[in-house]
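Colleague: give me a model of this one.
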Amino acid sequence: MRSGECGVRNVFSRRLAHDVQTAHQAGLPCWCVTTGTHTAEQLRAAGADAVYANLNEIAAALASPAT
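Modeller: Here you go, the predicted structure:
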């Protein structure tokens, strides 16, 4: 990381398939959780950039170094 940069990543985290389009229209990746009514397969088909089983998995992904 260069001086003046922060390690913050922007991500839109939702659990509904139509939220994927909202995130992408805003220029954000959309990470979804399967705690709602949609399955992982439905969320991936809607274009989710990542799908997690719960918020703890998203927290772990956010804590890992950005690639």
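Colleague: tell me how many other residues crowd Val51.
Modeller: Other residues within reach of Val51, judged by other CB atoms under 10 Å, total 20. Using the backbone N, CA and C atoms, a C-beta is placed for each residue, glycine as well.
Colleague: tell me which element it falls in.
Modeller: Using DSSP states H and E, the secondary-structure element containing Val51 is strand 50-52.
Colleague: also Cys32?
Modeller: With DSSP H and E as the test, Cys32 turns up in strand 30-33.
Colleague: any idea of the mean pLDDT for whichever helix or strand comes after that strand?
Modeller: Moving toward the C-terminus from strand 30-33, the next helix or strand (DSSP H and E) is helix 40-45. For helix 40-45, mean pLDDT rounds to 91.
Colleague: thinking again about what came up before, elements contacting the strand holding Cys32?
Modeller: strand 12-14, helix 17-25, strand 50-52, helix 55-63 (3 or more CB pairs under 8 Å, 6 or more residues apart in numbering; DSSP states H and E).
Colleague: mean confidence for stretch 50-64?
Modeller: What stretch 50-64 shows for mean pLDDT is 89.
Colleague: could I get it in PDB with only the CA atoms?
Modeller: Extracted in PDB, the C-alpha atoms of stretch 50-64 (Å, rounded to 0.1, in the frame of the first residue of the first chain):
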ATOM      1  CA  ALA A  50     -19.700 -13.600  -4.100                       C
ATOM      2  CA  VAL A  51     -22.100 -15.700  -2.000                       C
ATOM      3  CA  TYR A  52     -21.700 -16.500   1.600                       C
ATOM      4  CA  ALA A  53     -23.700 -18.700   4.100                       C
ATOM      5  CA  ASN A  54     -23.700 -16.100   6.800                       C
ATOM      6  CA  LEU A  55     -22.400 -12.700   8.000                       C
ATOM      7  CA  ASN A  56     -19.400 -14.300   9.800                       C
ATOM      8  CA  GLU A  57     -18.100 -15.500   6.400                       C
ATOM      9  CA  ILE A  58     -18.400 -12.000   5.000                       C
ATOM     10  CA  ALA A  59     -16.600 -10.600   8.000                       C
ATOM     11  CA  ALA A  60     -13.800 -13.100   7.400                       C
ATOM     12  CA  ALA A  61     -13.600 -12.200   3.700                       C
ATOM     13  CA  LEU A  62     -13.400  -8.500   4.600                       C
ATOM     14  CA  ALA A  63     -10.600  -9.200   7.100                       C
ATOM     15  CA  SER A  64      -8.500 -10.900   4.500                       C
END
